[in-house]
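Enquirer: test case, fold it:
(chains A and B)
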2 protein chains.
Amino acid sequence: MNAIADETTRQLETAARAARAAAGALARAPRPAKDRALAAAAAALRARAPEILAANEADLAAAEGSLTPAFRDRLTLTPARVEAMAKGLEEVAALPDPVGRVLAEWTRPNGLLIRRVAQPIGVIGMIYESRPNVTADAAALCLKSGNAVILRGGSESLRSAGAIHACLAEGLRAAGLPEAAVQVAPTADRAFVGAMLAAAGLIDLIVPRGGKGLVTRVMREARVPVLAHAEGLCHTYVHAAADPGMARRILANAKMRRPGICGATETLLIDVAVAPALLPLLVADLRALGCDFRACPRARAIVPDLKPATEQDFATEWLDAILSVKVVDGVADALAHIRRFGSEHTEAIVTEDAAAAREFLDGLDSAVGMWNASTQFCDGGEFGFGAEIGIATGRLHARGPVGLEQLCTYRYQVIGTGQVRA
Amino acid sequence: MNAIADETTRQLETAARAARAAAGALARAPRPAKDRALAAAAAALRARAPEILAANEADLAAAEGSLTPAFRDRLTLTPARVEAMAKGLEEVAALPDPVGRVLAEWTRPNGLLIRRVAQPIGVIGMIYESRPNVTADAAALCLKSGNAVILRGGSESLRSAGAIHACLAEGLRAAGLPEAAVQVAPTADRAFVGAMLAAAGLIDLIVPRGGKGLVTRVMREARVPVLAHAEGLCHTYVHAAADPGMARRILANAKMRRPGICGATETLLIDVAVAPALLPLLVADLRALGCDFRACPRARAIVPDLKPATEQDFATEWLDAILSVKVVDGVADALAHIRRFGSEHTEAIVTEDAAAAREFLDGLDSAVGMWNASTQFCDGGEFGFGAEIGIATGRLHARGPVGLEQLCTYRYQVIGTGQVRA
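Expert: Reported below is the predicted structural model:
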């Protein structure tokens, strides 16, 4: 390890130890204190908006020349975006406290009362790209769920993140909570990300948020558990017994409402029985919305001017106005395609046949299966979680939208009257 | 990577891919098929007991000379132990099916019905030492929870494990389930363990079972999520308001019922207010059971012939008839000691003061906190889980005893009537 990495590791260890100490206090903080901190941070965001916008302008100026228009848009803050961050903090304050919920409770024949109680995970490491608002959103969710957090945003956004963090620190102070509960990386050195990923025992959970490159690097290198999805290669399957009008409405929404989100449909699977009648209508609908296609030979036999799909196309998360199209021979064939090419994120079936829907939903390994609904509903807000820190497609701890409840673990409290074990 | 490691990695990959395919069938297998497989495997264990005992004798003969008496006892099978394994399979068959349980269900304002449903994790890697019965116990829990499993027992027990595995394979065949759902390592090469630990994406979860050396190696090296505890450095805290008779009964049980299990108490914390009266009685009780002590200066001022404790003693999981003793100044002091030296496994308070108990239980970060009960109750059977594959002290997925429910993850099923997202 070189000297810079050594120094960065020391900085991470210092931050993580302070976070651990703060996590203890935060885990036991009553709801009003956490809500007060969020409200005070929202007030500080509004009061300090000019400083935040100035810091953001400095970030933009420093990165000038190396930014794509999309990147520049993600990095840019406006008065409206600062206000949205403040509102976001207030919305999280209004959500129920996930800590201390009794998740299960039972009494054993010997009289022992066993209670499973939600508690914070501990110290969370948040690694994200250059959306400054993630600094406020992620901090709010961690704070409300009683977790300390170390935030490491994209290096292009560090001035903006620092100015936003100052508001969160002000909120924590106002509520008498330890400031170290929300920290930003003390260095712009990229080695800090590596130090976070290696910090088993110091950081309990890493949540990466960003493009596939960032997330797969985090998943590959982390020695700390990770909650994330690398991609959302979602499918909408139009079954032979689909209501044609519903299929058209759902597919148009699932693909084109916002093509760039992880719950957007990337591949249409359509039963051979209905493809001749329905596929031309689906294609016309989507074309009117600006969508392009990559289609299998059977689909192209029905709509000849579709571009041909390669096998790689079916493995591609377009995140764009492009749809892969495959004609299938029923539920089993659709499931086989999804198992081969999917990312276990979200898949939907459109059908009026309850038995087919059951077969499809039971046959999926994905985090979310939907029946007669748009895949774009895979979202913490839409699930009723109030907010989400991300979507998880792994097999452990949490799957699907990760909200306040999923940022908790549990412990047992066993209450006896002097029982000893036989 | 050398040639042996390359070959071992290929063997693991072949096994894991077969396990993945089998996991799909097992995840969707109805309860009667899984129970039939377990019953048939139990029958096979009884029918093939002579073969199993012969394989075990060959294991014992091959290891002769290098075995400690305790190791030899763990490795040895007897007709009674084979019968206990068969009974264990039947007991798991009788447990409820954890797969498909609806864990939560709610309807959104737009009419979407959202259902969180338990499903198997997928492919589990079990790494254990030379107790042949773990082969049957772990396979049964994985099978019942719909998970495929790759079992890698200690190299000294591979013949025994192979003979037991043949019975499980017979059970799977009898029930029409894929044999690859339960596999034993195809090689005695120790590199196979390394290949399992590196198999991110192929194996979903590693469960190590054995001594601290094995478990910490697994935790340190694994690229796959691990559910485990490295040690159980459990505390019993006798509070100022403890019922003296209850404290004596609980401590004697918590320490000496079975000193070698992970839920055994290793350290007594006792309030300064009651130590002069109560500590001599507690020491006398435990001495009568053969226990020795390592005590702090304040405890030795009360019972002078206790051996002095070093700081390292308080960090030691004795797993033996030795108790560390520390006099403390109330709940906060007890919690500070536990935070410093504990392993977040199980801690108990003995008190008649409900407020003190609440403060203690709420102040713990441990997986299990107990009030007026023996720490030896930290066990899947005692919790009512029927059986356990281990105890987890990490912060994610599951904490405390890991039974059938904890061997499941969940997925969402979202049921609509044509909803699209605004």
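Enquirer: in a strand, A:V149, correct?
Expert: Yes. A:V149: assigned to a strand according to DSSP: H, G, I helix; E, B strand; the rest coil.
Enquirer: tell me the secondary structure for the residue found closest to it once you drop the neighbours it is linked to in the chain?
Expert: Sequence neighbours aside, A:C142 is the residue nearest to A:V149 in space, at 3.8 Å (criterion: CB to CB, 6 or more residues apart in numbering or on different chains). In this view, the C-beta of every residue, glycine as well, is placed from N, C-alpha and C. In three-state terms, and counting by three-state DSSP, A:C142 is helix.
Enquirer: who touches A:L281 in this structure?
Expert: Shown in contact with A:L281 (CB atoms under 8 Å, 6 or more residues apart in numbering or on different chains): A:P244, A:R248.
Enquirer: show me which positions of whatever helix or strand it lives in end up buried.
Expert: If you go by DSSP states H and E, A:L281 is part of helix A:275-288. Of the residues in helix A:275-288, A:A275, A:L278, A:L279, A:L282, A:V283, A:D285, A:L286 count as buried by neighbour count, 16 or more other CB atoms under 10 Å in any protein chain shown.
Enquirer: the residue nearest to A:V149 contacts A:M126, correct?
Expert: Yes. Using CB atoms under 8 Å, A:C142 is in contact with A:M126, at 7.5 Å.
Enquirer: which residues do those two both contact?
Expert: Contacts common to A:C142 and A:M126, judged by CB under 8 Å, 6+ apart, are A:V149, A:I389.
Enquirer: adding distance to chain B, write the buried residues of helix A:275-288 out as CSV.
Expert: CSV is the format used below for those (distance: CB to the nearest CB, whole Å):
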residue, distance to chain B
A:A275, 20
A:L278, 15
A:L279, 19
A:L282, 14
A:V283, 18
A:D285, 12
A:L286, 14
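Enquirer: need those in JSON lines (columns: pLDDT).
Expert: Output for those, formatted as JSON lines (pLDDT from 0 to 100):
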{"residue": "A:A275", "pLDDT": "98"}
{"residue": "A:L278", "pLDDT": "98"}
{"residue": "A:L279", "pLDDT": "98"}
{"residue": "A:L282", "pLDDT": "98"}
{"residue": "A:V283", "pLDDT": "98"}
{"residue": "A:D285", "pLDDT": "98"}
{"residue": "A:L286", "pLDDT": "98"}
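Enquirer: skipping its backbone neighbours, what lies nearest whatever residue of the stretch 201-350 of chain A ends up closest to chain B in space?
Expert: For the stretch 201-350 of chain A and chain B, the shortest gap (CB to the nearest CB) falls at A:N253, measuring 3.6 Å. Among residues not flanking A:N253 along the chain, B:V420 sits closest, at 3.6 Å (CB to CB, 6+ apart).
Enquirer: could you check how far the one you found is from A:A398?
Expert: 26 Å (CB to CB, to the nearest Å).
Enquirer: then A:F360?
Expert: From A:F360 to A:A398 the distance is 23 Å (CB to CB).
Enquirer: do the same with A:T375
Expert: From A:T375 to A:A398 the distance is 19 Å (CB to CB).
Enquirer: between these two, who's got more neighbours?
Expert: More crowded of A:T375 and A:A398, by other CB atoms under 10 Å in any protein chain shown: A:T375, with 30 against 22.
Enquirer: now the more buried one: phi and psi?
Expert: phi -60, psi -20 (degrees, to the nearest 10).
Enquirer: next up, the contacts around it.
Expert: By CB under 8 Å, 6+ apart, the neighbours of A:T375 are A:C234, A:H235, A:T236, A:A254, A:G263, A:A264, A:T265, A:T346, A:E347, A:A348.
Enquirer: one more pass at 6 Å, please.
Expert: By CB atoms under 6 Å, 6 or more residues apart in numbering or on different chains, the residues touching A:T375 are A:C234, A:A254, A:G263, A:T265, A:T346, A:A348.
Enquirer: can you list the residues you listed in a markdown table and add pLDDT and neighbour count?
Expert: Output for those, formatted as a markdown table (pLDDT from 0 to 100; neighbours: other CB atoms under 10 Å in any protein chain shown):
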| residue | pLDDT | neighbour count |
| --- | --- | --- |
| A:C234 | 98 | 28 |
| A:A254 | 98 | 29 |
| A:G263 | 96 | 25 |
| A:T265 | 98 | 30 |
| A:T346 | 98 | 35 |
| A:A348 | 98 | 30 |
